[in-house]
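Asker: Sequence below, structure please.
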Amino acid sequence: MDPELKRLYLQDLKEIEEEIAEFGVSVDLLMEKSEILDFLGRHEDALQVLYKARELSPEAADLWNNLGVVYKNMGRYEDAFEALMTSQRLSPNRPVTLKNIGDVLFFQYRDDEARLWYERALRNDRNDPWALTGKGQIMVTNQHYEQALELFDRALTIEPEYAWALGGRGMALLGLARFEEAVEAFDMAIELDPEWDHPHCGKAEAMHRLGLLKEAEVEYRTALRLDELDPLKWQDLGNVLLDMNRYRDSLRAFRRAAGLDDKLVRVHSGMAHCLDMLGRPHEALVAYDKALELDAEDPAIWNNRAVLLTEGLQREDEALVSYQRAIELDPEYHLARFNLGQLLTKRGELDQALAHLVPVQQVLKNEGPHAIPELREEDVVWLRSFLAEEKKA
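Answerer: Next up, the predicted model:
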C-alpha cells in the first residue's frame, strides 16, 4: 500500500476510535472502522468489529454486505456468499450486494451464476463499471474475447481510471493475440494500482508471447514479490526460464510451484524437461510419469516422455508404446508421428515408418513448415531425403 494512503487510513482509524471513546459505540462507526481495517489488510480485526456491530443490529443489510466483503477478501467464499445472501434477503436487489454476490460466485468458478447476478445489477444501471467489468471477466474466462473487450471499453468510457477494467482489457487483448496493446493496458492498470499482482502477470505473459523473455521474467518476479504463495506464478516463471535455457533456475521455480500445489501437470512436465536437459534422465522420467498420473490424456507429455526414453535412456520398446499412445490421443499430432517414424526407421521397420512419415510430408507440403513448428530445418531435410530414397527403392 502507498505509504501516504496508509498514513491517511491510520489517521481515519484513530479519529473513529476517538469518536467511539467520546460518544460511544454505534453500528455506523463500527462499520466505518471495519472498512478501514479491511483496506489495511487487517481482515480478522475487521471481522471482529463487524461481529460486535451485528450484536447491535442483526437485521442491518449493510452490515451483512460488509461482512460478506471481508469474508470475500479473506478467501472464505462460502461464508461470504451466505452473508451476502442474508443482505439480499433483508434488502433485495441493492446494486452493491448484487455485484458482490457476482464477485464471490466468479471466484468460486460458478461463472453462469455470477453472470446472472452482474446482469441483475446492470438492469439497475446498464453503465455500471463494476458490473460491466465483472461480466467481462466471465467472458474472458470463457474465451469470448471480443465481447469481453466491448464490456471493458464501456466500463472505461465511464470510469477511465478503473484498474480492474484495464486489467480485464489486457486479458481480452491477450486472448486476441494483440500483445502490444495488452501491454499498454496492463501498464495503465499497474500505474493505477502498483500492488495488484494480476496486471504484472498479464504483462509478463504478453512479453513472453512477444519473445521478450527477460522483461517477462522481471514482471513475474515483481508479481511474486506481491504474492509469493501463488503456484501458477512460479509455474509461469519456470516456463519463461525454460525458454531462456536457464534450466537450473527453471527447475527451482517449478519446484517452488510443486511445493505449493503438487497437482499442477505443467509443473511436473516442466521439471521433467529441465531434468532431461541437465542430464538427469531417470529423474526426468519420474517427473513425466507424475505428470501423466495427473493427466494421462495429454499427448504432448506422452511424446516428450518417448523422446526421453529414446534419446536419454535408450529404452526404445517403451518409447514406441509412448509415441503410439500420443497418436491414439491425437491422430493429428504430426510431431509424434515424425518422431515415431524416425525411431521405426532406426529400427529398420521401414514399412511402419512410412505409414507415419508420408502423412507428415503431406502436411508440410500442403500447409508449410509452420504446421509443425517444432520440426527443425534438418528434420525436414532428413524427411525429404528419406522419402526420396524410399521412392527410388
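Asker: Surely Leu294 and Arg266 touch.
Answerer: No. Leu294 lies out of contact with Arg266 (C-beta atoms under 8 Å); the separation is 9.7 Å. The way it works is simple: take the backbone N, C-alpha and C, and place the C-beta from them, glycine included.
Asker: What part of the protein, helix or strand, is modelled with the least confidence?
Answerer: helix 3-23 (a mean of 85; mean pLDDT, DSSP states H and E).
Asker: for it, packing partners?
Answerer: Other helices and strands packing on helix 3-23, by 3 or more C-beta pairs under 8 Å, 6 or more residues apart in numbering; DSSP states H and E, are helix 27-39.
Asker: Three-state assignment for Asn93, please.
Answerer: For Asn93, the assignment made with DSSP: H, G, I helix; E, B strand; the rest coil gives coil.
Asker: what's the answer for the one 4 residues further on, then?
Answerer: The three-state label for Thr97, taken from three-state DSSP, comes out as helix.
Asker: That one: neighbouring residues, count only.
Answerer: With neighbours defined by other C-beta atoms under 10 Å, the count for Thr97 comes to 27.
Asker: ok, now His268?
Answerer: His268: 25 surrounding residues under other C-beta under 10 Å.
Asker: Begin at 43 from now on, thanks
Answerer: Shifting the count to begin at 43 puts that one at His310.
Asker: Once you drop chain neighbours, what's closest to it?
Answerer: Ala333 (3.9 Å; C-beta to C-beta, 6 or more residues apart in numbering).
Asker: Now do the strand or helix carrying that neighbour, average pLDDT.
Answerer: Assigned by DSSP states H and E, Ala333 falls within helix 323-336. Per-residue pLDDT values over helix 323-336 give a mean of 98.
Asker: Sort out which residues of that helix are buried, please.
Answerer: Pro323, Glu325, Ala326, Leu327, Ala329, Tyr330, Lys332, Ala333, Leu334, Leu336 (16 or more other C-beta atoms under 10 Å).
Asker: Specify which member of those is nearest to Tyr51.
Answerer: Leu336 (43.5 Å; C-beta to C-beta).
Asker: Output the contacting helices and strands for the helix or strand hosting Glu431.
Answerer: In this assignment (DSSP H and E), Glu431 forms part of helix 419-434. In this structure, helix 419-434 packs against helix 376-388, helix 392-409, with contacts taken as 3+ C-beta pairs under 8 Å, 6+ apart.
Asker: Contact partners for Gly299?
Answerer: Check again: residue 299 is Ala, not Gly. Contacts for Ala299 (C-beta atoms under 8 Å, 6 or more residues apart in numbering) come out as Pro273, Leu274, Trp276, Gln277, Gly280, Leu306, Val309.
Asker: In PyMOL, how would I select just the buried ones from these?
Answerer: Here is the PyMOL command that selects the buried residues among the contacts of Ala299 (16+ other C-beta under 10 Å):
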select buried, resi 273+276+277+280+306+309
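Asker: okay, the contacts of Ala299 in CSV with secondary structure next?
Answerer: Output for those, formatted as CSV (three-state DSSP):
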residue, secondary structure
Pro273, helix
Leu274, helix
Trp276, helix
Gln277, helix
Gly280, helix
Leu306, coil
Val309, helix
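Asker: Out of the contacts of Ala299, which comes closest to Arg131?
Answerer: Proximity of the contacts of Ala299 to Arg131 (C-beta to C-beta) peaks at Leu274, which lies at 35.9 Å.
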